[in-house]
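# Return a 3D structure for these sequence lines:
(2 chains)
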Protein chains: 2
Amino acid sequence: MLIAVDAMGGDHAPEEICKGAIKACSEYEDLELALVGIPEAILPHVDNSGLVGRKLHIIPAEEVIGMDEAPALSIRKRKNSSLHVAMQMVKSKEACGCVSAGNTGAIVAGGVLIVGRIKGIDRPGLGVPLPALNRVTMLIDVGATVRCKPINLYQFALMGDVYMRTIQGVAEPSVALLSNGEEEIKGDELIQEARKLIKNAPVNFVGNVEGHDIPIGNADVVVCEGFTGNVLLKFIEGTGSAIYSLFKEELEKRFWSKVGMTFMIPMLKDLWVRFNYERTGGTPLLGVNGAVIKAHGRSKSEAVKSAIGVARNFVIKKGVEKIVEELSEGGI
Amino acid sequence: MLIAVDAMGGDHAPEEICKGAIKACSEYEDLELALVGIPEAILPHVDNSGLVGRKLHIIPAEEVIGMDEAPALSIRKRKNSSLHVAMQMVKSKEACGCVSAGNTGAIVAGGVLIVGRIKGIDRPGLGVPLPALNRVTMLIDVGATVRCKPINLYQFALMGDVYMRTIQGVAEPSVALLSNGEEEIKGDELIQEARKLIKNAPVNFVGNVEGHDIPIGNADVVVCEGFTGNVLLKFIEGTGSAIYSLFKEELEKRFWSKVGMTFMIPMLKDLWVRFNYERTGGTPLLGVNGAVIKAHGRSKSEAVKSAIGVARNFVIKKGVEKIVEELSEGGI
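The predicted model follows:
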C-alpha cells in the first residue's frame, strides 16, 4: 500500500515528517510512502534510513503552501506544491491516501477540488477523535465546513457513525447533536431541522448534547458546525497550554507543592499519554473520495507516524466504501 | 438600595438563596433585599437572622418557574411567579435590580419582556467574566441570543467594553471577535460584517481571536454568538468535572500520587478559588433597562452573595446609564 505524505507541510517539516515516515515504515510491513516535496530538503533526513527506493519514494514538488495562505486559491494556483501533488496522487489512484500537517484550509480545499467529494456528500467534515473521560468521542466538524445546512450535519452524523464503527471498532456508536440545551426545543432552526433528519437516519441517535457532555464523554459522535467545532478544538488546545503554564508558575513559587509534584509525575505522564489527542492525532477529512488525513500543524515524528497509521487503517477498513454504502442506506 | 432576589430559583433554592441574602446584607451596609417567593418556604431560613423587616423584606409570589420550562411562555403566563414579580419590581423602579439563579431562558425572556430592552439595543447578551490565565475575560454572549446578526455582535462588543471598563475597572479593555482564525478572511459573512462594524466602534478592537486565546486570556472582552458561547461555557464546566473525576479515580489507584497530592492541596485550593468562576459568579444580562444578574443554577450561598454584590456594583457604577451613553456615541 502506497500512501502519499506531504513532506513540506507543518511547523516541523520536513525533518519531523521524514522521521515520522521512517517510523511508520518500520512499524507497518505492508506500507510504502511517497514523500512529496523538495528533494534536497527531504533527502538529508531519510538518506541514512536504508529505506529510500525501497519503502520510501521521493516525489519532487518544488512549491510549498504556507500555513497562512488563502486555502482555495493556493491549492488551485500552486499545482506544483507538495500538497497538490500528494492529493493528485490520491485522485489518480497512484496512492491509496495522503497525509499532511500543512494548512488545514488548503487540505480541505484540496480534498474537495482535487480528490473530489463522494457522490451525494454536500460538504466534507473534519472529524477529530477526542479522548474524553469515558471514551473517545469524535467531534465532527472542526473546521472543514464553517457554516452548515441541516443536510451537512446529517451527513456528518452518518460519516461519524461509519468512522467510529468501522475504523475505531465501536459497536453501535451513540450519535449526538451539539446544542445549547438537551431539550428538543433548544437550538435554532438549523439544529432543529438537523435533529429531525438525524432522528430518521440509520444511526443510534441519542438526541442533543451540551458542551459539558463532551469532556465527560457522553456520546461516541458529536455533530456540530465547523465554526463551533473549531472554536472548541482550539479552546481545548489553549486550555492545555494554560494549565501547563499555570502549574509551572505556581510550582516555582511553592516548595512543598513542587515536592508533591515529583510524586505525581508517573500519573501525570500516563494521563498525558491518554489525553493528548495531538500525539495520537490523525484527523480524517470525511466525505472525500480517498483517505485524506490531516495531522496537527505542530506534529512531531510520533504524531506523523500516528497520522500515517490512521490513513493506512482507513484504507484497510475501506472507510470511503463504507461511507458510500451508508449514504445509499440513509437515502439522502 | 433595594435589590430583588428570586428566592425560589436555582437548584438549592430557597435555602441557599436565603443564606446568601443574609451574607450580602451583613457585607453591604447600604443594601436591602426583597426576597421574592413563597413566604412559608422562605421564612424558616431567615427568621433567626434578625434582619426581616429591617434589611430583608419578604415579597409573596406563589408560583415557581421550573428549570426546564419553556422560557418565554412561562414568564408570560406565570405572572405570579417569583421571577416575574422580581422583574416587575425592577420595571416599576421599586427595586434597583434583581438576581436569580433560576431558568436562564426565563431570565432572558423576563429581561426583555418585563424589564425591557435599552432603547437601541436589538438583543441582550449574557456576559460571563471568566478567569483566564492572564486576566478575567468577559465572554459575551453565552446564551441570551442563540443566533446573531452583525449588529448584535457589535452591540455585545460595546456593552462588554462598558462593563469591563466601568464595573471591572479595566482601562481600555481589549475587545476581540471570536472566529475560526485570526486572519480577516476567516469566519463567515456574519463574522466579517460584525468585524467591519466593531472596527469602527469606539472600543479598543484587537481583531479576531481563536478558541485557544480564551483560556490564555488574550483579550478583555470576547464577543460571540450565544450558541457558541453557551457551548463553550458548558464545556468549561464539564472539563472541570471531568478533571476532578479523573484525578479522584487515578489517585485511588496510586499510593505515591496520593501522597504527592497531599503536598499540593494548598496550591490547588488557591487555584480553585482563583479559577472557579461559579463561586465568584454573577452574570449580567446586558442590554436591558436594569441590573438583571443571573447566578449559576448550582449556586450556594457564597455564589448568591457574590451575584448580589455584582448587582449592587452594577447599580452603583451606573451600568445601564453607561451603556446608554456608549450606544449614542457608537452611533448605531
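# what's the offset of the longest helix along chain A from the middle of its chain?
Within chain A, and with DSSP state H defining each element, the longest helix by residue count is helix A:226-253. Mean C-alpha position of helix A:226-253 versus that of the full chain (CA atoms, centre = their mean, to the nearest Å) differs by 19 Å.
# Also compute the angle for it relative to helix B:226-253, please.
Interaxial angle, helix A:226-253 versus helix B:226-253 (axes from the mean of the first three to the mean of the last three CA atoms, to 10 degrees): 40 degrees.
# What residues of helix A:226-253 count as buried?
Buried residues in helix A:226-253, defined by neighbour count with 16 or more other CB atoms under 10 Å in any protein chain shown: A:226-240, A:242-243, A:247, A:250-251. All C-beta atoms are positioned from the backbone trio N, CA, C, and that covers glycine.
# can you narrow those residues to ones near chain B?
Among these, the residues that sit close to chain B (CB under 8 Å from any CB of the partner chain) are A:226-228, A:230-239, A:242-243, A:250-251.
# Domain-wise, how is chain A divided?
A:1-121+A:287-332, A:125-280 (automatic domain parsing).
# CSV please, covering these and showing mean pLDDT.
Written out in CSV, the entries for the domains of chain A read as follows (pLDDT from 0 to 100):
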stretch, mean pLDDT
domain A:1-121+A:287-332, 94
domain A:125-280, 89
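# a markdown table for the ones you listed, including distance to residue B:318?
Compiled in a markdown table, these are given as follows (distance: least, CB to CB, whole Å):
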| stretch | distance to residue B:318 |
| --- | --- |
| domain A:1-121+A:287-332 | 44 |
| domain A:125-280 | 31 |
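# and residue B:31, which of those is closest to it?
In terms of CB to CB, the element of the domains of chain A nearest to residue B:31 is domain A:125-280, at 33.4 Å.
# now the helices: where do they sit in the stretch 51-200 of chain A?
Remark: helices of the stretch 51-200 of chain A, listed N- to C-terminal, are A:71-77, A:82-91, A:104-110, A:150-162, A:189-199; assignment by DSSP state H, counting those that start in this stretch.
# Next, format these as TSV and append distance to chain B.
Putting the helices of the stretch 51-200 of chain A into TSV (distance: least, CB to the nearest CB, whole Å) gives the following:
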stretch	distance to chain B
helix A:71-77	9
helix A:82-91	18
helix A:104-110	8
helix A:150-162	13
helix A:189-199	8
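# hmm, back to that, nearest to residue B:101, of the domains of chain A?
Within the domains of chain A, the stretch nearest residue B:101 is domain A:125-280; the backing value is 17.1 Å (CB to CB).
# Which pLDDT does the model give the spatially most central residue of chain A?
Nearest to the mean C-alpha position of chain A, counting by CA atoms, centre = their mean, stands residue A:283 at 0.9 Å. Each residue has a pLDDT score; the one for residue A:283 is 93.
# so how far is residue A:299 from it?
In this structure, residue A:283 and residue A:299 are 11 Å apart, going by CB to CB, to the nearest Å.
# Between the two, which contacts overlap?
Common neighbours of residue A:283 and residue A:299, counting by CB atoms under 8 Å, 6 or more residues apart in numbering or on different chains, are residue A:307.
# Go ahead and confirm the residue nearest to the centre of chain A touches residue A:142.
Yes - taking contact to mean CB atoms under 8 Å, the distance of 7.3 Å between residue A:283 and residue A:142 places them in contact.
# Return every residue with contacts to both of the two.
Shared contacts of residue A:283 and residue A:142, defined by CB under 8 Å, 6+ apart, are found at A:126-128.
# Flag every residue of the stretch 1-150 of chain A that's near chain B.
Residues of the stretch 1-150 of chain A found near chain B, taking CB under 8 Å from any CB as the criterion, are A:68, A:70, A:132-133, A:143, A:146-147.
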